[in-house]
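Novice: sequence first, predicted model second:
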Amino acid sequence: MSLRKQVEQRRKDTRWIVGGLAVLLAALTGMYYLTQRSQDLPSELVTNRVLLFVLSYINLTLILAILFVLLRNLFKLVIERHNRILGSKFKTKLVATYIGLSLIPVLLLFAYGSRMMRGWIDRSFDQPAWQQAAQGFSVSEGLLDQLVKYRTHDTRFALRQIESLDSLDTRRSPDLQRLLHRLLEDLGLDSLAVYDRTSYVLGVVDPLSGLNKVPEPGEGILMQAMRKAPAMRNAQALRDANAMREAQVMRMVGVGGGEELMLTALAGEERQDASLPVVVAGSLLDKEIATERRQFIQAHQEFRQLEVSKEDIEAGYVLNFLMVALLILLASSWAGLYLARRITVPIQALAEATKQISEGDLDVQVDVDADDELGILIHSFNSMTAELQRNKELLEESNLELVTSNLRLAEERVVIAAVLQNVDAGVISVDEESFVLTCNGAALHMLGQKGVDVVGMPVDEAWSDPERQKLAQLFHQEPGASGRISQPLRLLLGGAWKIFEAKVTTMRAPQGQVSGRVMVLEELTELVKAQQMAAWSDAARRIAHEIKNPLTPIKLSAERLLKKHQAQDEDLGQVLEEGVEIITREVETMKGMVDEFSRFARMPQPVPTEVELGSLIDETLSLYHDIKPGVAVEARVEKEAHNAWLDGEQIKRALINLLDNAVEATEAPGTVAVCASKSNGNLRIRVEDNGRGIPPEEKGKLFLPHFSTKRRGTGLGLAIVHRIVSDHHGTIHADDNKPKGTVFTITLPQQ
Amino acid sequence: MNVSAAVALSAFLFFGSSGDKPHLSELHIALEGRRVEASFELIDGFTEELFERIQTGLASGFTFQFILSRDQKLGFENKLDSSTLEVTAMYNAVTREYLVNYKQDGKLIDSRIAHDREELEGAMTRFSDLTVFHLGDFKSNKRISVRARAELGSKTTLLIIPTRIKTDWVRSRRFRPPEGQP
């Protein structure tokens, strides 16, 4: 069941509970009234008691409602705790706190309040007004009793007088009326009547009393008088006040105008003629006295009514107070439970949602209505989960893209690896800390190594031997602004010299920082051999050509001498001299040529030593001072380059060859300069001129043996220079000088 | 106070002592034609407390309940009719008289004046030949009987719990309804 449904269910439950309690209360009240009506008790009898019963039923209903609410919630809490539902412990504490906060004060208030109320009721019965009313009643009734006593005596006197007559029959006893008038006057009565048992005989009234006729006493008083006659006689004998009071027969009769007539009746003894006289004497009470008496009676009876109903009154008040207390308790406990639910339901929902999130379900939203801080919390929580869900979806999309990219990269890597493994060039990559990342098969084959000995190793360890160390040094060189280094290498590997063209390129990350370097290694050994073969072939051809050139004048001179000798010309001597001179000169030329080749062929291996390069350059340049008018020669040797590690004689010879060409190519005014500097462990010697320069198409053939742009050159000068530089493990290349001329740069590694 | 003592005190307060417990005397039934007349007396029901209450001027009294039933097997009874007699006394302190009203099934059937306690007690507790049911055209071969009890009012227990005070039921002898037309 979703959280929303649970909350709605709870709301429905609340409505059901409220409706149910209302129906229960109405049913109990109605049932009680029906019960009362069925008994049909008089309203004056049941009113107070009905109120008590109604109150008690209401209280019982309220107690049941409170118990129902409390027990229902306690039962739910126990079930929730048993089922380990999230938030049940917090809910238990909250509910216990709320119920305690509502239950304890209400019960204390009820206990104290009911005690106060009973005390107040007790005190209210001790009011002086009540006491005065009781005293007034007692006095008035006492006076009335006293008056009754006197009138009873008067009545008794009258009865005796009447009993003395012979008969009650007025026809036979005419003195009865006179006797009654006399008694009326003598005793101060307002009325006096004689009855034979319950039958009226004769009566008189005082005309001044306002009574216009003899009052009717009623049969009851006559019967009562006859019934109490013996008691009266005994009471008279005993003179017992209480017995007298019990034996007296008195009646109060209203006569209108607020006056009351007090009737006292006494019965005599049965006479011989079977008559039984009963005398009823009437005395009017003064109107004011009667009124005062009624008021005393009314006040006293009210007090007595309250007094006998004290228990009911107390019970009624206590029940009313209990009802209010229970209503407060029900409302407060219900409100407490409602508030607890208002707090715990969102927290419970949040806890459940958090649990679902911890289980990986980010598509959860807390759907609980709350407009307080909990509402803000829920809103924030929902926003957070929605954001998490969006991020998760983005992450999944990114992950998918990443997987796709990785697959593509893996495929590309496989292709690149395959390409690298199958290309003839060696490819070596190192990271920014000069650890070998990759080394393809061609490179391993060229270097005569295995992958495990190279890949993952620092370059200085991978290539620690002196020959391969040259490769490591290339990785250590600063590539300059171009980021590239291109350098030929000649390594002695496996007892054979191998020539490589090494190109080192710096790899940069997209942000620009150096991420590593890549070396492309191309083996040129066979190519160089082929070039050398071609060069030697060309050299042989040129040598043959050069040798053939002097041979022709020698042959012609020899044939001319032979003709002159055969002809015995007279100028034979002159021709002989000229012919010998030509032959000698051409032979000398051929000898010089042979010596030059001989020297080139016999060039020894360089023996490097510590040389003062500045002196060597100055000494060499001294040969060219003033050799060509208008062409100046100068040296620019930096301080760090004054000492160098090289074979001085061979370098001097190389410089002479370069200076020969430079001076020869420079027209006046011009300058030829030799510059020397050191950087990155390399010595750099530059021979600059501002002569006519070298055409681009000839630059590639400059260092080939017997290549010459000069008409009478042997073509071995630059080849010798290249040989000397190579023997020093250095490089030489020619570039255009600015604005014109040529720059030859010799780079020699220094130990 | 332990639990058992509290229960015992509650029971004592609720039921009171067993001595002088109000009860109805033997219920005599006589048939006058098709009228069922009852004679009975409420014994120990006219208490000092009730008299004091009447003396204050509050209308107080008893309610007698009568049930006419026919015997059934297995002890069950078949209720045929029921009636009530309310006896209410009111004291007039000015005239020092007691007015006793009798209502049967809600209808006033009689009023009497009593002048002292003895007369009042007799008027409220002793009844002779009181018509409680009229059988009408009821016919039955089975015997019928009348049972009665008195409701003496109510009291509060444990200060706040109102409870009714009632006598036990008393049952008359069984009799057969008279034959013939009403």
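Specialist: Sure, I can see it.

Novice: which bits of chain B sit near chain A?
Specialist: Where chain B comes near chain A, counting by CB under 8 Å from any CB of the partner chain, the residues are B:49, B:52-53, B:55-61, B:63, B:84, B:86, B:88, B:93-97, B:103, B:105-106, B:113, B:115-116, B:151, B:153-156, B:159-162. In this view, the C-beta of every residue, glycine as well, is placed from N, C-alpha and C.

Novice: now those: which count as buried?
Specialist: In terms of neighbour count (16 or more other CB atoms under 10 Å in any protein chain shown), the buried residues within the residues of chain B next to chain A are B:53, B:55-61, B:63, B:84, B:86, B:88, B:93, B:95-97, B:103, B:113, B:115, B:151, B:153-156, B:160-162.

Novice: tell me, how many residues neighbour the residue in the stretch 501-650 of chain A that chain B sits nearest to?
Specialist: Of all residues in the stretch 501-650 of chain A, residue A:511 sits closest to chain B, at 86.7 Å by CB to the nearest CB. The burial count assigned to residue A:511 is 6, neighbours taken as other CB atoms under 10 Å in any protein chain shown.

Novice: one step back: narrow the residues of chain B next to chain A to those in helices?
Specialist: B:49, B:52-53, B:55 (DSSP state H).

Novice: what are the phi and psi angles of the residue of the stretch 501-650 of chain A closest to chain B?
Specialist: Main-chain dihedrals, residue A:511, degrees, to the nearest 10: phi -80, psi -10.

Novice: list the neighbours of the top strand by length along chain A that are in contact with it.
Specialist: Criterion DSSP state E: the longest strand present in chain A is strand A:496-508. For strand A:496-508, contacts defined as CB atoms under 8 Å, 6 or more residues apart in numbering or on different chains pick out A:429, A:446, A:471, A:474-475, A:477, A:479, A:483-492, A:514-525, A:527-528.

Novice: how far out from the middle of the chain is it?
Specialist: Strand A:496-508 sits 57 Å away from the centroid of its parent chain (CA atoms, centre = their mean, to the nearest Å).

Novice: quick one: buried residues of that strand?
Specialist: By neighbour count on 16+ other CB under 10 Å, the buried set for strand A:496-508 is A:498-506.

Novice: ok now the strand or helix carrying residue B:149, how far from the chain's centre?
Specialist: Assigned by DSSP states H and E, residue B:149 belongs to strand B:144-157. Put simply, strand B:144-157 sits 6 Å off its chain's centre (CA atoms, centre = their mean).

Novice: also stretch A:183-201?
Specialist: Chain-centre distance of stretch A:183-201: 110 Å, with CA atoms, centre = their mean.

Novice: these two touch, right, residue A:342 and residue A:370?
Specialist: Yes. Residue A:342 lies in contact with residue A:370 (CB atoms under 8 Å); the separation is 7.3 Å.

Novice: can you list the weak-confidence ranges in the stretch 651-751 of chain A?
Specialist: Segments of the stretch 651-751 of chain A classed as low confidence (criterion: pLDDT under 70) are A:705-706, A:710-714, A:751.

Novice: and if we set it to 80?
Specialist: Applying pLDDT under 80 to the stretch 651-751 of chain A picks out residues A:680, A:699-701, A:704-716, A:751.

Novice: can you name the residue of it nearest chain B?
Specialist: Counting by CB to the nearest CB, the stretch 651-751 of chain A gets nearest chain B through residue A:680, at 106.7 Å.

Novice: tell me, how many residues neighbour that residue?
Specialist: Other residues within reach of residue A:680, judged by other CB under 10 Å, total 14.

Novice: check contacts around it.
Specialist: Applying CB under 8 Å, 6+ apart to residue A:680 gives the contacts A:477-478.

Novice: so how far is residue A:610 from it?
Specialist: Residue A:680 sits 20 Å away from residue A:610, going by CB to CB, to the nearest Å.
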